[in-house]
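Novice: 3D model of this:
(one chain, ligands or ions: 1)
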Amino acid sequence: MTTQDTFRGRTVVVTGGAGGLGTAMVAAFCARGATVVSADLSASDQAASVGGVIERRLDVTSEESWAALLDFVDSELNGIDVLVNNAGIYRPNIPFEDMPLDLWRQHFAINSDGVFLGCKHAILRMKARGTGGSIVNMGSGLSITANPDGAAYCGSKAAVLMTTRTAARAAGKYGVRVNAVLPGAVPTDMLMGNKLDGESDGDFLAKMEAYSPLGRLATPEDIAAAVLFLADPANKAVSGVFIPVDGGNIPGA
Ligand SMILES: NC(=O)c1ccc[n+]([C@@H]2O[C@H](COP(=O)([O-])OP(=O)(O)OC[C@H]3O[C@@H](n4cnc5c(N)ncnc54)[C@H](O)[C@@H]3O)[C@@H](O)[C@H]2O)c1
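Specialist: Presented below is the predicted three-dimensional model:
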């Protein structure tokens, strides 16, 4: 088997597959032979094959939506082998004491409930199939770093880490591994949403780069490489851990 074949014959679901990081993950799994479902709120209810990728709508906050997606994967694609819980939102630059409760809850619904539901339903399907599997959850440097102007995001991403560990302990007996990746700043639409009023793209990105001891930001491909490492069946003893991918900046990691 060559590196290019690592995921041949395996079905991979990437949530938030239409976003900045998700697109790179989808491409990386495809390049290694996987059958890839890009599941995103922005996709159509009807599955469509686009450039070799199956695109299908998923709302990660809805248990019914998860069941419908995984029914499709079971009936059409021989079941799920790898799930990447990557969908997420971030509304930054809101002082802690001004955070509206509905916005707090929206972060938890998508970032935390979405990851919980993905883990729960993937584990149920993998357990039923009896062939094991791998789940990779997308945390953030802000899972373990307090940003007072991003409290809802920090709290909801901290929950991703404990959900990763509890799911790993629950699912190990079914041969299912559960791990997380903690990206630092990666230039996507989500990151650029952090710019302050009047700040140029160049000034903002230079500020972000200065946080990184390596002097550069991680790329979406760098994040995808860590996801593929954790999903790779060769790393069969790795479960319940998180990998920061941020150039060495995350405190405490
Ligand atoms: N870009 C960064 O700097 C960075 C840093 C740390 C962590 N992350 C995390 O990486 C993940 C991807 O981020 P990104 O930068 O690609 O963001 P992005 O905004 O480019 O993509 C997010 C995707 O999630 C989808 N989505 C949102 N709500 C959804 C829902 N309810 N159901 C299904 N899909 C939904 C969106 O449609 C979008 O395609 C997120 O979990 C984010 O928190 C990103």
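
Novice: from here on, contacts and neighbour counts on C-alpha atoms
Specialist: Noted.

Novice: residues from this structure in reach of the ligand?
Specialist: 15-22, 40-42, 58-61, 86-89, 110, 138-140, 183-191 (CA under 6 Å from any ligand atom).

Novice: what about the residues you listed, which are in strands?
Specialist: Among these, DSSP state E puts T15, D40, M138, P183 in strands.

Novice: give me the pLDDT for the first one.
Specialist: With respect to pLDDT, T15 scores 98.

Novice: same question for the second one.
Specialist: pLDDT recorded at D40 is 98.

Novice: with the last one instead?
Specialist: On pLDDT, P183 comes in at 97.

Novice: give me the sheet partners of the stretch of helix or strand S134 belongs to and which way each runs.
Specialist: Assigned by DSSP states H and E, S134 belongs to strand 133-138. Here strand 133-138 is paired, per DSSP bridges, with strand 82-85 (parallel), strand 176-183 (parallel).

Novice: just so I know, which of those strands lies nearest I54?
Specialist: strand 82-85 (14.2 Å; CA to CA).

Novice: would you map the helices across the stretch 51-200 of the chain?
Specialist: Secondary structure of the stretch 51-200 of the chain by DSSP state H, counting those that start in this stretch: the helices cover 63-77, 101-107, 114-129, 151-171, 189-192.

Novice: tell me how far the fourth one lies from the chain's centre.
Specialist: Averaging C-alpha positions (CA atoms, centre = their mean, to the nearest Å) puts helix 151-171 12 Å from its chain's average.

Novice: tell me the angle that helix makes with helix 114-129.
Specialist: Put simply, helix 151-171 runs at 20 degrees to helix 114-129, going by axes from the mean of the first three to the mean of the last three CA atoms, to 10 degrees.

Novice: show me where pLDDT drops low in the stretch 151-253 of the chain?
Specialist: Scanning the stretch 151-253 of the chain for pLDDT under 70 picks out 251-253.

Novice: show the pLDDT at the residue positioned nearest the centre of the chain.
Specialist: In the chain, the residue lying closest to the centroid (CA atoms, centre = their mean) is N86, at 2.1 Å. According to the prediction, N86 has pLDDT 98.

Novice: list the contacts for it?
Specialist: Contact analysis of N86 by CA atoms under 8 Å, 6 or more residues apart in numbering lists V14, T15, G16, G17, G22, N137, M138.

Novice: for it, phi and psi?
Specialist: When read as degrees, to the nearest 10, the backbone of N86 gives phi -110, psi -20.

Novice: so which of the helices of the stretch 51-200 of the chain is nearest I243?
Specialist: Comparing those by CA to CA, helix 151-171 comes nearest, at 10.8 Å.

Novice: quick check: buried residues in the closest one?
Specialist: 151-161, 163-165, 167-168, 171 (16 or more other CA atoms under 10 Å).

Novice: who touches stretch 242-249?
Specialist: So stretch 242-249 is in contact with 140-141, 161, 179-185, 211-218, 222-223, 226, 250, 253, going by CA under 8 Å, 6+ apart.
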